[in-house]
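Student: What follows is a predicted protein model with its sequence.
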Amino acid sequence: MRYKKLLKELTIKDNFMFGAVMSDEENCRCLLELILGTSISRVKVNKEKSIVYHPGYKGIRLDVYAGDENNTRYNVEMQTLHKPALGKRARYYHSQIDMELLLAGADYSELPDTYVIFICDFDPFEEKKYQYTFENRCQESGSLQLQDGSKSIFLSTKGEDVQNISKKLKAFLDFVKTDNSENNTETEDEYVKELQQSIRSVKEDRNLERGFMTWNDVRTEARREGRLW
């Protein structure tokens, strides 16, 4: 029988906790700034497309979906298992974002920039890098970009190229890598401290505790029916 974790045992790398913490728009905005290395004024997390189960939310997902002031869309997911075809999974997420916007009446020329971001507790490409960024380029001309507005980013907690990553992003990835149930390891990084406080708040929220139990039941039923997430 598969052991079911309790809410109080979760860390940031658990999908439910990650989704709950990143439903806080300031937490999400700061994370996107760390990853992209650019300033973002504000983000709006679409809670109807987030992992958190709450009476006011619809649906249960494994990822975080957000947009910023420039209408750029972000899909962020925590990955702890090295599943096959991560590249095609990223392609699928990009297509889902585009299809939703086109069905809503947008023209091709109006499609916003999209980022699909996987935070991996493993090295997805075995190149010992903390960050892998992919975009479409012309094979015959390395400098020519397709400029289709889509990028896929894979972060790894197992990177070794410290010179190519900011201190703050490394602090976040080290935090993800930590396997402490409370994840209260002393840190000087202010963003990690904010995440630690957010995790404590989630664990004290009785509504989220009930939501986590429901989410666990849904996942168990999905496994029984062969619909593994």
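Tutor: Yes, it's here. Numbering: from 1, shown residues only.
Student: Could I get the pLDDT score of the residue sitting furthest away from the middle of the chain?
Tutor: Of all residues in the chain, residue 140 has its C-alpha farthest from the mean position, at 33.1 Å, by Cα atoms, centre = their mean. With respect to pLDDT, residue 140 scores 91.
Student: mind starting the numbering at 50 from now?
Tutor: Yes, from this point I'll number from 50; that puts the last item at residue 189.
Student: and residue 184, how many neighbours does it have?
Tutor: Neighbour count of residue 184, defined by other Cβ atoms under 10 Å: 13. Just so you know, the C-beta spots here come from the backbone N, C-alpha and C atoms, and that holds for glycine as well.
Student: from memory it sits against residue 202, does it?
Tutor: No. Counting by Cβ atoms under 8 Å, residue 184 does not reach residue 202; the two are 9.6 Å apart.
Student: Would you mind measuring from residue 154 to residue 178?
Tutor: Residue 154 is 40 Å from residue 178, where distance means Cβ to Cβ, to the nearest Å.
Student: which of those two has more neighbours?
Tutor: residue 178 (19 against 7).
Student: List the residues that contact that one.
Tutor: 172, 205, 208-210, 213 (Cβ atoms under 8 Å, 6 or more residues apart in numbering).
Student: and the residues you listed as JSON lines, adding secondary structure, pLDDT and neighbour count?
Tutor: What follows is the contacts of residue 178, written out as JSON lines (DSSP: H, G, I helix; E, B strand; the rest coil; pLDDT from 0 to 100; neighbours: other Cβ atoms under 10 Å):
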{"residue": "172", "secondary structure": "coil", "pLDDT": "97", "neighbour count": "18"}
{"residue": "205", "secondary structure": "strand", "pLDDT": "98", "neighbour count": "26"}
{"residue": "208", "secondary structure": "coil", "pLDDT": "97", "neighbour count": "20"}
{"residue": "209", "secondary structure": "coil", "pLDDT": "97", "neighbour count": "12"}
{"residue": "210", "secondary structure": "coil", "pLDDT": "97", "neighbour count": "12"}
{"residue": "213", "secondary structure": "helix", "pLDDT": "96", "neighbour count": "10"}
